[in-house]
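**Student:** The amino acid sequence is not available; the structure is as follows:
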(Lines give C-alpha, C1' and ligand atoms only; values in the text may rest on other atoms or scores of the structure.)
Protein backbone atom coordinates (compact mmCIF):
# COMPACT_ATOMS: atom_id res chain seq x y z
CA UNK A 1 0.00 0.00 0.00
CA UNK A 2 1.32 3.44 -0.79
CA UNK A 3 1.75 5.99 1.96
CA UNK A 4 -0.62 8.33 0.14
CA UNK A 5 -3.33 5.63 0.01
CA UNK A 6 -2.84 4.75 3.66
CA UNK A 7 -3.10 8.38 4.70
CA UNK A 8 -6.33 8.79 2.71
CA UNK A 9 -7.94 5.61 4.02
CA UNK A 10 -7.02 6.47 7.61
CA UNK A 11 -7.96 10.14 7.36
CA UNK A 12 -4.45 11.14 8.41
CA UNK A 13 -2.94 14.32 7.08
CA UNK A 14 0.71 15.15 6.47
CA UNK A 15 1.12 17.12 9.69
CA UNK A 16 -0.38 14.37 11.84
CA UNK A 17 1.88 11.70 10.39
CA UNK A 18 4.90 14.00 10.59
CA UNK A 19 4.32 14.44 14.32
CA UNK A 20 3.94 10.67 14.81
CA UNK A 21 7.23 9.84 13.12
CA UNK A 22 9.23 12.91 14.14
CA UNK A 23 9.85 14.21 10.64
CA UNK A 24 8.90 17.48 8.96
CA UNK A 25 5.56 17.81 7.18
CA UNK A 26 7.46 18.65 3.99
CA UNK A 27 9.42 15.39 4.19
CA UNK A 28 6.21 13.40 4.73
CA UNK A 29 4.54 15.22 1.83
CA UNK A 30 7.43 14.20 -0.42
CA UNK A 31 7.31 10.58 0.79
CA UNK A 32 3.56 10.42 0.10
CA UNK A 33 3.92 12.04 -3.32
CA UNK A 34 6.72 9.65 -4.31
CA UNK A 35 9.20 12.49 -4.69
CA UNK A 36 11.53 11.10 -2.03
CA UNK A 37 12.22 7.66 -0.59
CA UNK A 38 12.53 7.64 3.19
CA UNK A 39 15.96 6.86 4.62
CA UNK A 40 16.69 3.67 6.52
CA UNK A 41 15.93 5.32 9.87
CA UNK A 42 12.58 6.69 8.72
CA UNK A 43 11.20 3.59 6.98
CA UNK A 44 10.68 1.60 10.22
CA UNK A 45 8.97 4.63 11.77
CA UNK A 46 6.50 4.74 8.89
CA UNK A 47 5.90 0.99 9.05
CA UNK A 48 5.23 1.26 12.78
CA UNK A 49 2.97 4.32 12.45
CA UNK A 50 0.91 2.58 9.77
CA UNK A 51 0.62 -0.68 11.68
CA UNK A 52 2.73 -2.42 9.04
CA UNK A 53 0.42 -1.45 6.19
CA UNK A 54 3.16 0.57 4.48
CA UNK A 55 6.49 -1.26 4.25
CA UNK A 56 9.87 -0.31 2.80
CA UNK A 57 9.05 -2.46 -0.26
CA UNK A 58 6.06 -0.25 -0.99
CA UNK A 59 8.37 2.69 -1.70
CA UNK A 60 10.16 0.62 -4.33
CA UNK A 61 7.08 -1.02 -5.85
CA UNK A 62 8.16 -4.50 -4.71
CA UNK A 63 5.37 -6.94 -3.90
CA UNK A 64 5.92 -8.76 -0.62
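**Tutor:** Perfect, thanks for sending it. All values derive from a computational prediction rather than experimental measurement.

**Student:** low-confidence ranges in the chain?
**Tutor:** Where the chain drops to pLDDT under 70, the residues are 64.

**Student:** Kindly recompute the last result at 80.
**Tutor:** By pLDDT under 80, the low-scoring segments of the chain are 63-64.

**Student:** would you list every one of the helices in this structure?
**Tutor:** Using DSSP state H, the helices of the chain run over residues 3-9, 14-21, 25-33, 42-49, 56-60.

**Student:** Can I get those helices in a markdown table including mean neighbour count?
**Tutor:** From N, CA and C alone the C-beta is placed, and that goes for glycine too. Listed next are the helices of the chain as a markdown table, based on neighbours: other C-beta atoms under 10 Å:
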| stretch | mean neighbour count |
| --- | --- |
| helix 3-9 | 16 |
| helix 14-21 | 16 |
| helix 25-33 | 18 |
| helix 42-49 | 17 |
| helix 56-60 | 14 |
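
**Student:** Compute the first-to-last residue distance for stretch 37-57.
**Tutor:** One end of stretch 37-57 to the other measures 11 Å (C-alpha to C-alpha, to the nearest Å).

**Student:** Figure out how far that stretch is from the centre of its chain.
**Tutor:** 6 Å (C-alpha atoms, centre = their mean, to the nearest Å).

**Student:** try stretch 28-41
**Tutor:** On the basis of C-alpha atoms, centre = their mean, stretch 28-41 sits 7 Å off its chain's mean C-alpha point.

**Student:** Just the terminal-to-terminal distance for that stretch.
**Tutor:** Chord length of stretch 28-41, first to last residue, is 14 Å (C-alpha to C-alpha).

**Student:** contacting residues around that stretch?
**Tutor:** Residues from elsewhere that reach stretch 28-41, judged by C-beta atoms under 8 Å, 6 or more residues apart in numbering: 2-4, 7, 14, 17-18, 21, 27, 42, 46, 56, 59-60.
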